[in-house]
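**Student:** Prediction below, plus the sequence it came from.
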Amino acid sequence: MSELFGTLPDGTSVHRWTLERGGVRVRVLTYGGIVQSCEVPDREGRVSDVVLGFADLDGYLAHPEPYLGVLAGRYANRIAGGRFTLDGRTHELTVNNGPNCLHGGERGFDKHVWDAEPVEHGVRLSRVSPDGEEGFPGRLSVSATYALRADGALRISYEARTDAATVVNLTNHTYWNLAGTGDTAGHRLSLAASRYTPVDADLIPTGELAAVEGTRFDFRAGREVGGGYDHNFVLDKGVTEGPVEVAVLSDPGSGRVVTVETTEPGVQLYTADHLGAPFSPGDGVALETQHFPDSPNRASYPSTVLRPGGVYRSETVYRFSGGE
């Protein structure tokens with residue numbers, strides 16, 4: 001089911017799609033592929049919205065920086081210096097985060113209205129990113145399908161094709177608050193990651209894949225999230241053909257749990273320490289399934305290169321439960 005959600009200053013209509021199945025209700029916007037809300041029950045059956053979002057389009061237009069719930073691309077996360085070299089050619093990208101290109105540049109995928117069509121238990125969003133958009137090479141045809149399984153799990157699957165060699169890294173930037181309100185520092189997190197990528201002052205990976213053992217980055221056995229994280233974790237499973245369980249986030253108070261499965265090799269943990277009004281720091285936890293930051297400049301990282309004739313595919317599943 002879709003409805004008009006608002007109109008951009010240029011007159012473009014934005015629609016909201018409502019998906020409902022298995023006791024879960026998710027709302028997705030055609031603007032930025034945004035997951036606006038996700039309503040799930042707690043251990044007592046009480047339903048709350050467990051993601052950060054705005055009630056109207058004006059909220060998203062006035063506060064774009066947190067990237068609330070967006071589909072981030074053409075390259076999610078950071079590319080150092082806003083440039084990379086591919087096949088001997090250097091591409092200069094839009095710089096929008098200090099010296100770096102973040103989430104696809106000044107007008108990434110999160111700031112476009114996507115075409116939408118219904119699919120079974122969901123919606124498929126699509127758009128064509130023209131050659132040279134924000135400096136990225138190749139005409140990229142992209143789709144993202146949001147669907148609810150019978151058990152209420154949210155499945156997001158991405159596909160992309162290009163007519164010239166390029167780089168692609170797509171993710172969803174939802175902030176979870178399983179209590180529905182308040183600080184998330186007391187949420188518990190487990191991550192199947194024995195290593196992470198340390199970063200410099202500009203949040204660019206140093207190139208080291210550091211062990212989490214004995215550090216505050218060790219979430220393997222599960223513990224409180226706390227704060228102070230904006231780091232990529234190297235998942236032990238690597239890149240997989242199908243989604244594999246990699247993270248479990250839970251709120252002891254409500255009993256709500258979200259389990260994350262993905263095909264991706266990394267998860268960016270961001271504890272929202274810099275959220276501004278109308279939110280407060282720590283109001284949400286982002287778990288961005290992805291390839292690593294700055295991969296186009298790191299030959300040792302899993303490749304994000306897509307060439308003509310190839311197909312970019314990525315899938316992430318969010319399973320919900322009310323706990324015991």
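**Tutor:** Nice, thanks for sending it over.

**Student:** what's the spacing between the residue nearest to the spatial centre of the chain and residue 292?
**Tutor:** Residue closest to the average C-alpha location in the chain (C-alpha atoms, centre = their mean): residue 172, at 2.3 Å. Separation of residue 172 from residue 292 (C-beta to C-beta, to the nearest Å): 17 Å. C-beta here means a position set from N, CA and C on the backbone, and glycine is covered the same way.

**Student:** count of neighbours near residue 203?
**Tutor:** By the criterion of other C-beta atoms under 10 Å, residue 203 has 18 neighbours.

**Student:** any idea where the helices of the stretch 51-200 of the chain begin and end?
**Tutor:** Per DSSP state H, counting those that start in this stretch, the stretch 51-200 of the chain carries helices over the ranges 57-62.

**Student:** what stretches of this protein score poorly on pLDDT?
**Tutor:** Applying pLDDT under 70 to the chain flags residues 323-324.

**Student:** so who does the closest residue to residue 197 other than its chain neighbours touch?
**Tutor:** Among residues not flanking residue 197 along the chain, residue 205 sits closest, at 4.1 Å (C-beta to C-beta, 6 or more residues apart in numbering). Counting by C-beta atoms under 8 Å, 6 or more residues apart in numbering, residue 205 touches 197, 198, 199, 232, 292, 293, 294, 298.

**Student:** Residue 54 now?
**Tutor:** 36, 60, 63, 68.

**Student:** count of residues packed around the third one?
**Tutor:** When you say that, I think you mean residue 63. Around residue 63 there are 16 residues (other C-beta under 10 Å).

**Student:** now it: how far from residue 13?
**Tutor:** From residue 63 to residue 13 the distance is 21 Å (C-beta to C-beta).

**Student:** Wait, residue 199 touches residue 210, no?
**Tutor:** No - in this structure, residue 199 is not within contact of residue 210 by C-beta atoms under 8 Å, at 10.5 Å.

**Student:** For the stretch 151-300 of the chain, which segments count as strands?
**Tutor:** Listed in chain order, the strands of the stretch 151-300 of the chain (DSSP state E, counting those that start in this stretch) span 154-162, 166-167, 171-172, 175-176, 188-191, 195-197, 210-211, 223-224, 230-234, 244-250, 257-262, 266-270, 285-290.

**Student:** Turn those strands into CSV, columns for distance to residue 306.
**Tutor:** Shown next, in CSV, are those (distance: least, C-beta to C-beta, whole Å):
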stretch, distance to residue 306
strand 154-162, 5
strand 166-167, 6
strand 171-172, 15
strand 175-176, 28
strand 188-191, 27
strand 195-197, 22
strand 210-211, 28
strand 223-224, 37
strand 230-234, 20
strand 244-250, 22
strand 257-262, 18
strand 266-270, 17
strand 285-290, 15
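
**Student:** This completes my enquiry, with thanks.
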